[in-house]
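Enquirer: structure, please.
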Amino acid sequence: MTTVLKSQLHIRRAGIALAVAAAVSALSSTASFAFSAEAQQMCTGDAFRLCSAEIPNIPRITACMVKNRSQLSSGCRVVLDRDLAAQRRAAAE
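Expert: Next up is the predicted model:
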């Protein structure tokens, strides 16, 4: 593989990683979803694995993660459930 192709591949991977990070970060500012930095760390792999076709569309990534909840890694599921419950409690106050 040439150096140019390797560079393009690294740039693409970095762009996808940034899109996922932005998606999870943006979720923390929406009314219905608030995810912590821990959720971002625990769920990035799941987002790539399950929802890569939705990147960089943040609402579609969110919907995909919720739709595929049963397929999330246990760590991601626990953190997301905790963050969602905290968000619901805050919205009820």
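
Enquirer: next, count neighbours for residue 75.
Expert: Here the number of neighbours of residue 75 (other C-beta atoms under 10 Å) works out to 15. Where C-beta positions appear, they are placed from N, C-alpha and C, glycine not excepted.

Enquirer: name the element it belongs to?
Expert: Taking DSSP states H and E as the definition, one finds residue 75 inside helix 74-92.

Enquirer: list the buried ones in that helix?
Expert: Residues of helix 74-92 classed as buried under the neighbour-count rule (16 or more other C-beta atoms under 10 Å) are 76, 77, 79, 80, 83, 84, 87.

Enquirer: ok, these vs residue 48, which is closest?
Expert: Top of the list for closeness to residue 48, among the buried residues of helix 74-92 and by C-beta to C-beta, is residue 76 at 11.5 Å.

Enquirer: and the gap between the nearest residue to the closest one once chain neighbours are set aside and residue 52?
Expert: Closest residue in space to residue 76, ignoring its immediate chain neighbours: residue 43 at 4.0 Å, by C-beta to C-beta, 6 or more residues apart in numbering. To residue 52, residue 43 is 13 Å away according to C-beta to C-beta, to the nearest Å.

Enquirer: who's more crowded, the two?
Expert: Per other C-beta under 10 Å, whichever of residue 43 and residue 52 has more neighbours is residue 43, with 26 against 13.
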